[in-house]
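Asker: take this sequence and fold it.
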Amino acid sequence: MRSITFRLASLFALATLLVLATIGYFLSRSVESHLAEMDWTEIYGKWQLTGNLVQHIRTPADRQALPQLLQSALVGHPYLFVAINTPSGEPLFASRHFSFPAQHTTLPAGSQPQFPAMLTWQRNGNIFRGIAAQVASAESGAPRYTIRIAVQTEEHRRFLVHFHHMLLLALLFGMSAAAALGWFIAYRGLLPIRHMAAVTGKISASQLAERLAVESVPQELRTLAIAFNDMLARLENAFQRLTDFSADIAHELRTPINNLIIQSQVALSKSRSNEEYRDTLASNLEEFDRLARMISDMLFLAKADNGLMTAAQDDVDLNVEVEHLLEYFSPVIEEQGVSITVNGTGRVLGDRIMLQRALANLLSNAITHTPFGGEIKVTLTQQTDQLKISIQNPGPGIPPEQLDRIFDRFYRLDPSRSASPDGAGLGLAITESIIRAHKGHISACSSHGLTTFTVSLPIRS
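Answerer: Below you'll find the predicted structure:
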């Protein structure tokens with residue numbers, strides 16, 4: 001495919017060609033019309049003069065004096081020709097070296113002298129324009145004289161040929177100049193795009209800090225430059241999160257694997273009783289179970305990221321599900337010394353097991369981080385098109401700069417908000433994936449010693 005510069009230059013040249021050709025066409029027609037009008041004016045002026053002389057013929061003496069008068073009147077008009085015939089058809093006056101075509105030598109009876117039609121003919125390569133008319137004299141009986149006047153248009157034709165040649169040269173020059181200027185303008189105009197390409201060429205996984213200077217970009221490309229910088233920022237953030245995720249997953253997998261290795265080495269370092277081997281195997285089984293849960297959670301998130309997780313369409317009473325979860329967490333609630341109040345009701349269409357898991361993660365976090373004697377509030381608010389579930393608990397707040405990252409995988413807050421030792425930092429990421437699978441939204445806010453997670457789910461009938 002040809003370059004944009006070439007295509008723009010070609011379009012400039014084509015547009016210029018069309019404009020100049022149109023102007024040239026109308027200009028040529030205007031010049032031709034003007035020259036024809038000049039011929040008509042000259043012919044008509046001499047026709048009026050000749051007709052006036054004929055109309056004043058009263059005697060034979062007047063008739064004999066007419067040729068001399070016309071000869072004087074035609075001085076300085078080398079391309080103008082006049083012929084007059086008497087009523088009997090005999091020549092009264094004729095310009096030298098010129099004769100009218102045979103079809104113009106006679107006129108039909110009743111021809112009118114007013115505004116005779118212009119005649120055009122060609123002879124010996126020359127083009128002529130002329131008129132033929134009959135004019136009545138003042139003699140007895142008002143005999144009609146035939147007047148023929150013609151002008152040779154050779155000078156005009158040569159002028160038009162030269163004019164057309166100049167128009168063609170101007171057209172070619174204008175098209176070439178437009179192509180050259182179009183190429184230059186397009187080349188200069190596309191410099192910001194080439195700069196963007198140069199910046200793009202410098203980008204790699206290890207160098208994502210490059211940005212376009214938006215203030216130096218033309219107005220038409222400013223939106224593109226801003227979008228380009230935003231894309232680089234998102235890529236940089238995504239790569240940073242991917243790097244952190246790789247480091248986190250390596251750390252999370254290393255801990256249980258190291259425990260398995262150490263426990264196995266200790267068990268094999270000397271002979272032990274069956275009971276000791278059984279204890280070692282039980283401890284290893286706990287680590288294997290931890291690894292299995294982590295891998296299962298990661299597979300769950302991978303399916304969610306690739307759109308492979310489909311939520312069922314069950315009629316779920318969330319108030320009932322919350323009550324079941326409170327029964328499940330009752331031992332932990334009593335041990336932590338916290339209380340939980342539930343207000344409101346709500347039903348949605350969704351996957352009961354998945355929604356149960358999401359609510360369990362949120363309640364587990366709230367119970368874990370609520371101080372002894374604190375109260376957790378669960379509120380269900382059913383609106384016109386959505387159901388809102390908020391879970392609020394007192395305790396250490398979440399710093400504002402960390403609110404945007406609490407749903408990232410393996411992301412943990414400071415030690416005061418750390419999850420239990422068995423957790424891998426995937427609970428909130430899984431919760432967000434479940435809510436997204438139900439076309440909902442989850443957010444968190446923390447201020448004045450209260451942390452609130454709000455889930456919005458669409459109500460579908």
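
Asker: Gly76 - that's part of a strand, no?
Answerer: No. Checked against DSSP: H, G, I helix; E, B strand; the rest coil, Gly76 lies outside a strand; its state is coil.

Asker: per-residue pLDDT, Asp422?
Answerer: Reading off the confidence values, Asp422 has pLDDT 47.

Asker: now Glu37
Answerer: Looking at Glu37, its pLDDT reads 86.

Asker: low-confidence stretches in the stretch 51-200 of the chain?
Answerer: In the predicted model, the stretch 51-200 of the chain carries pLDDT under 70 at residues 102-116.

Asker: those helices in it, which residues are they?
Answerer: Using DSSP state H, counting those that start in this stretch, the helices found in the stretch 51-200 of the chain span residues 60-73, 154-189, 191-201.

Asker: where do the strands sit along this structure?
Answerer: Listed in chain order, the strands of the chain (DSSP state E) span 80-85, 91-94, 119-123, 126-136, 144-152, 314-317, 339-343, 347-350, 375-382, 386-394, 441-447, 450-458.

Asker: show me what the longest one is packed against.
Answerer: Translated: strand 126-136. The criterion is 3 or more Cβ pairs under 8 Å, 6 or more residues apart in numbering; DSSP states H and E, and the helices and strands that strand 126-136 contacts are helix 4-55, strand 119-123, strand 144-152, helix 154-189. From N, CA and C alone the C-beta is placed, and that goes for glycine too.

Asker: strand partners of the shortest one, parallel vs antiparallel please.
Answerer: So that's strand 119-123. Sheet partners assigned to strand 119-123 using DSSP bridges are listed as strand 126-136 (antiparallel).

Asker: just the CA trace of the strand it pairs with, in CSV.
Answerer: Extracted as CSV, the C-alpha positions of strand 126-136 are listed here (Å, rounded to 0.1, in the frame of the first residue of the first chain):
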residue,chain,number,x,y,z
ASN,A,126,-10.0,30.0,-42.6
ILE,A,127,-13.2,30.5,-40.6
PHE,A,128,-15.5,33.3,-41.4
ARG,A,129,-18.5,34.8,-39.7
GLY,A,130,-21.0,37.0,-41.5
ILE,A,131,-24.5,38.2,-42.1
ALA,A,132,-26.7,38.6,-45.2
ALA,A,133,-29.8,40.8,-45.4
GLN,A,134,-31.8,42.9,-47.8
VAL,A,135,-32.3,46.6,-47.3
ALA,A,136,-34.8,48.9,-49.2
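
Asker: give me the contacts around it.
Answerer: Residues outside strand 126-136 that contact it (Cβ atoms under 8 Å, 6 or more residues apart in numbering): 36, 39-40, 43-44, 47, 50-51, 54-55, 81, 100, 104, 107, 111-113, 116-122, 142-154, 157.

Asker: again with stretch 75-84
Answerer: Judged by Cβ under 8 Å, 6+ apart, the contacts made with stretch 75-84 from elsewhere in the structure are 42-43, 46, 50, 54, 66, 70, 74, 91-95, 98-100, 130, 145-152, 154-155.

Asker: and it, what's buried?
Answerer: Judged by neighbour count using 16 or more other Cβ atoms under 10 Å, the buried positions of stretch 75-84 are 80-84.

Asker: ok, now which ones touch Ile367?
Answerer: With contacts defined as Cβ under 8 Å, 6+ apart, Ile367 is in contact with 329, 332-333, 336, 338, 340, 376, 393.

Asker: between the residues you listed, which is nearest Val199?
Answerer: For Val199, the closest of the contacts of Ile367 turns out to be Asn393, at 46.9 Å, with distances computed as Cβ to Cβ.

Asker: and for that closest one, the neighbour number?
Answerer: Neighbour count of Asn393, defined by other Cβ atoms under 10 Å: 25.

Asker: and the one 10 residues further on, by the same measure?
Answerer: Residue neighbour count, defined by other Cβ under 10 Å, stands at 15 for Leu403.

Asker: again with the one 3 residues further on
Answerer: Applying the criterion other Cβ under 10 Å, we find 20 residues in the vicinity of Ile406.

Asker: what about the closest residue to it other than its chain neighbours, distance to Ile434?
Answerer: The shortest distance from Ile406 to any residue that is not its chain neighbour, by Cβ to Cβ, 6 or more residues apart in numbering, is 5.6 Å, and that residue is Leu428. Computed with Cβ to Cβ, to the nearest Å, the distance linking Leu428 and Ile434 is 11 Å.

Asker: now Thr59
Answerer: In this structure, Thr59 lies at 125 Å from Ile434, with Cβ to Cβ as the measure.

Asker: between those two, who's got more neighbours?
Answerer: Taking Thr59 and Ile434 together and counting by other Cβ under 10 Å, Ile434 has the greater number of neighbours (26 against 10).

Asker: state the pLDDT value of the closest residue to the more buried one other than its chain neighbours.
Answerer: Nearest residue to Ile434, sequence neighbours excluded (Cβ to Cβ, 6+ apart): Ala358, at 4.3 Å. Ala358 is assigned 89 on the pLDDT scale.

Asker: what's the burial count for the closest residue to Gly51 other than its chain neighbours?
Answerer: The shortest distance from Gly51 to any non-neighbouring residue, by Cβ to Cβ, 6+ apart, is to Val135 (4.5 Å). Val135 has 20 neighbouring residues, counting by other Cβ under 10 Å.

Asker: Val135 bridge partners, please.
Answerer: In this structure, Val135 has the following beta-bridge partners (DSSP bridges): Tyr145.

Asker: ok, it to Val82 distance?
Answerer: As for Val135, its distance to Val82 is 13 Å (criterion: Cβ to Cβ).

Asker: same deal with Ser269?
Answerer: Applying Cβ to Cβ, the value for Ser269 to Val82 is 139 Å.

Asker: quick one, what contacts Gly344?
Answerer: 319, 379-382.

Asker: could you rerun that using 10 Å?
Answerer: Taking Cβ atoms under 10 Å, 6 or more residues apart in numbering as the criterion, Gly344 is in contact with 318-319, 378-382, 387-390.

Asker: with Val19 instead?
Answerer: For Val19, the contact set (Cβ under 10 Å, 6+ apart) comprises 171, 174-175, 178.

Asker: ok, now Glu154?
Answerer: Taking Cβ under 10 Å, 6+ apart as the definition of contact, the neighbours of Glu154 are 79, 125-128.

Asker: quick revisit: could you dump the buried residues of stretch 75-84 into CSV with distance to Ile249 added?
Answerer: Supplementary listing: the buried residues of stretch 75-84 in CSV, determined by distance: Cβ to Cβ, whole Å:
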residue, distance to Ile249
Leu80, 105
Phe81, 107
Val82, 111
Ala83, 112
Ile84, 116
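
Asker: what is the nearest of those residues to Thr451?
Answerer: Relative to Thr451, the closest of the buried residues of stretch 75-84 is Leu80; by Cβ to Cβ it sits at 108.3 Å.

Asker: good, we can wrap up now.
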